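Colleague: task: produce atomic coordinates for the following.
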Amino acid sequence: MALQNSISNITRRVLLAAAASAALALPAIADDTIKLGLVAAMSGQSAKSGEAIVRGLSVAIDEINAKGGVLGKKLELVVRDDESNPAKGVVAARELVQREKVAALFGGLDTPVSMAIVPFANQNKVPFMGVWAAGTPITRNGAPENYVFRVSAVDALVDKALVAYAIKKYGAKKPGMILINNPWGESNEKGLKAALEEKGMPFAGIEKFQDADVDVVQRFHFVEYGIITFLFYRAWRALEDPAILLLPALAGLLVGTADEWLQWFIPNRVGEIADILLNGIAIGCGLLFSVGADPPARFTWSMRPGSILRVGRLAAATVVALALFVHIVHLGDDINDREVGVFKSRYSMTALPALAAAKRAEWQMHPPPLTLQRVSREDQYMTEGVTHVQRRNELLGADQAKGAWMENLILEKYYAPVLDTPSYVSRTGHRWSAEQRASVDVRAAGSDPSYVSTANPYPIFAWSRSVFWVASGIAAAAVWIAARLAERSIHPRSEASTAV
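Modeller: The predicted structure follows:
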């Protein structure tokens, strides 16, 4: 409790100091409020941490406002999602300072994003308070006029403590480093090397992994599907014909399709056809490893009785599974509306308004959670709306008012409940204020019926579902019939085989 009170007091003091100094320095603040901006990851793998920052700042702001605010003005928090992307972080910071006229910036979760914002904050003389990212150069940036402060850890100090702990706890004599390949990793590499040098210790080496969460997932998938393929290979190794390669590959693809389908239903996880193809590459590597590590005692290129039918059954099942996945994840419609332009959706033009009405009623009775629920089903309607919100904000931050205006029109017409409903993505919703909407309307100089939205990050194909399933059914049947015919021609007396 003492630690909690101490942290709460620090947060209040930080807010008071930042708001008061900024209020005195910036005469452009609204009469009744002082806006404070937060740039943090509110979506993706770091969304929960971003939500924690929002909660902490919101609690402190509520406490300060309850006591009269700062200089007689109420504080207001304006949040922007940087998606853990440095370029988007700078765009968000620019929008908050230039459009929202915030008095001070808070952020962020990621050292690369914070370091990208630092030059902007110093050049524009806007106080920037680091609340999470630990990179040493964030505050020790060498600027002659430094407007960057922090309440977060500092890598240079943390690295010394880590080395001391490794020596005391584990008797480390030659530690190695596994670091993310970005500015945060560089900061820790420099700090750890300095701490080790201070102790007169060598290091064993440095291994770096890539910056994006998806790269880590892809590496894990290579290991995961390599192991899965090896297990399937071991199960069919006794066949000693090409089926020992084909069956594990098809079974691995079936598992991979089911895995990506499940990820598509879980909030903030991604699952698309490209990931299945990536799993296929991992399966191929797993097969090469399996054959090299545990080759069959004998091998013949001629298929043994029953092997062709096994492969045919599994291949037909794989075609059906892939078709089902594409149907659920990638089939949709082109929404062509002269009022808002063209965009892709998993829902039809007639279904979207009905769905919007249903969601508004549902969310009024059962609001979406304000914290990310990992074990839950993703609301795809909300996700579609949020992708348009993110695209709108990106375009506005890049000073592309026309595109931002068109994205906002799409949101207002088809995703209005997303704009108005607080959720784990934004506790205040996403609707523009009347003043901001009017400002963008003037800058956009009207709508553009030819506008084509690129908000959706994954492909949506506007194919006829009936034609798609006829083609998929024909493909699956053709594979199965071809396998039966091949089995008859090669082994006319034996179609019987053991089950797959």
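Colleague: so what's the residue count around Y170?
Modeller: 9 (other CB atoms under 10 Å). Placement of C-beta: from N, CA and C, glycine included.
Colleague: which residues does it contact?
Modeller: For Y170, no contacting residues are found, by CB atoms under 8 Å, 6 or more residues apart in numbering.
Colleague: how close does it sit to P137?
Modeller: 29 Å (CB to CB, to the nearest Å).
Colleague: domain parsing for this protein?
Modeller: 2-152, 156-209, 213-331+472-490, 333-444 (automatic domain parsing).
Colleague: most tightly surrounded among the ones you listed?
Modeller: Comparing these by mean neighbour count (mean count of other CB atoms under 10 Å), domain 2-152 comes out on top with a mean of 19.
Colleague: could you give the average pLDDT over that domain?
Modeller: In this model, domain 2-152 has a mean pLDDT of 80.
Colleague: also stretch 305-321?
Modeller: pLDDT averaged over stretch 305-321 gives 93.
Colleague: give me the distance from that stretch to the chain's centre.
Modeller: Chain-centre distance of stretch 305-321: 36 Å, with CA atoms, centre = their mean, to the nearest Å.
Colleague: just to revisit the earlier point, let's have the domains of the chain in a markdown table, adding distance to F461.
Modeller: Below are the domains of the chain laid out as a markdown table (distance: least, CB to CB, whole Å):
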| stretch | distance to F461 |
| --- | --- |
| domain 2-152 | 24 |
| domain 156-209 | 33 |
| domain 213-331+472-490 | 5 |
| domain 333-444 | 9 |
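Colleague: what's the closest of those to S464?
Modeller: Of all those, domain 213-331+472-490 sits nearest to S464, with 9.1 Å by CB to CB.
Colleague: distance between that closest one and the chain's centre?
Modeller: That offset, for domain 213-331+472-490, works out to 27 Å (CA atoms, centre = their mean).
Colleague: what of stretch 357-365?
Modeller: 26 Å.
Colleague: okay, it in CSV with CA atoms only?
Modeller: Provided in CSV are the C-alpha atoms of stretch 357-365 (Å, rounded to 0.1, in the frame of the first residue of the first chain):
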residue,chain,number,x,y,z
ALA,A,357,-28.0,-1.0,-35.2
ALA,A,358,-27.7,-4.4,-33.5
LYS,A,359,-24.2,-3.6,-32.1
ARG,A,360,-25.4,-0.2,-30.7
ALA,A,361,-28.3,-2.0,-28.9
GLU,A,362,-26.0,-4.8,-27.7
TRP,A,363,-23.2,-2.5,-26.4
GLN,A,364,-25.7,-0.3,-24.6
MET,A,365,-26.8,-3.3,-22.6
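Colleague: give me the contact list for it.
Modeller: So stretch 357-365 is contacted by Y381, M382, A416, P417, V418, D420, T421 (CB under 8 Å, 6+ apart).
Colleague: now, the most widely separated pair of these?
Modeller: The widest separation within those (CB to CB) is 13.6 Å, between Y381 and D420.
Colleague: check which helix or strand W463 maps to.
Modeller: Assigned by DSSP states H and E, W463 belongs to neither a helix nor a strand.
Colleague: might one say that it is in contact with L331?
Modeller: Yes - counting by CB atoms under 8 Å, W463 does reach L331; the two are 6.0 Å apart.
Colleague: average model confidence for the longest helix along the chain?
Modeller: Longest helix in the chain, counting residues (DSSP state H): helix 465-490. Averaged over helix 465-490, pLDDT sits at 92.
Colleague: try stretch 335-342
Modeller: 93.
Colleague: which residues sit against it?
Modeller: Contacts of stretch 335-342 (CB under 8 Å, 6+ apart): 334, 343-345, 349, 352, 406, 409-410, 413-414, 447-453.
Colleague: got the CA positions of that stretch in PDB?
Modeller: Output of stretch 335-342 as PDB, limited to C-alpha atoms (Å, rounded to 0.1, in the frame of the first residue of the first chain):
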ATOM      1  CA  ILE A 335     -18.800  -1.500 -50.500                       C
ATOM      2  CA  ASN A 336     -19.200   1.100 -53.300                       C
ATOM      3  CA  ASP A 337     -21.100   4.100 -51.900                       C
ATOM      4  CA  ARG A 338     -21.000   7.500 -53.600                       C
ATOM      5  CA  GLU A 339     -21.200   9.300 -50.300                       C
ATOM      6  CA  VAL A 340     -18.100   7.600 -48.700                       C
ATOM      7  CA  GLY A 341     -16.200   6.000 -51.600                       C
ATOM      8  CA  VAL A 342     -15.100   2.400 -51.800                       C
END
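Colleague: distance of V148 from G108?
Modeller: From V148 to G108 the distance is 12 Å (CB to CB).
Colleague: any shared contact partners between these two?
Modeller: G130.
Colleague: show me where the stretch 301-450 of the chain dips below the pLDDT cut-off.
Modeller: 372-375, 397-398, 425 (pLDDT under 70).
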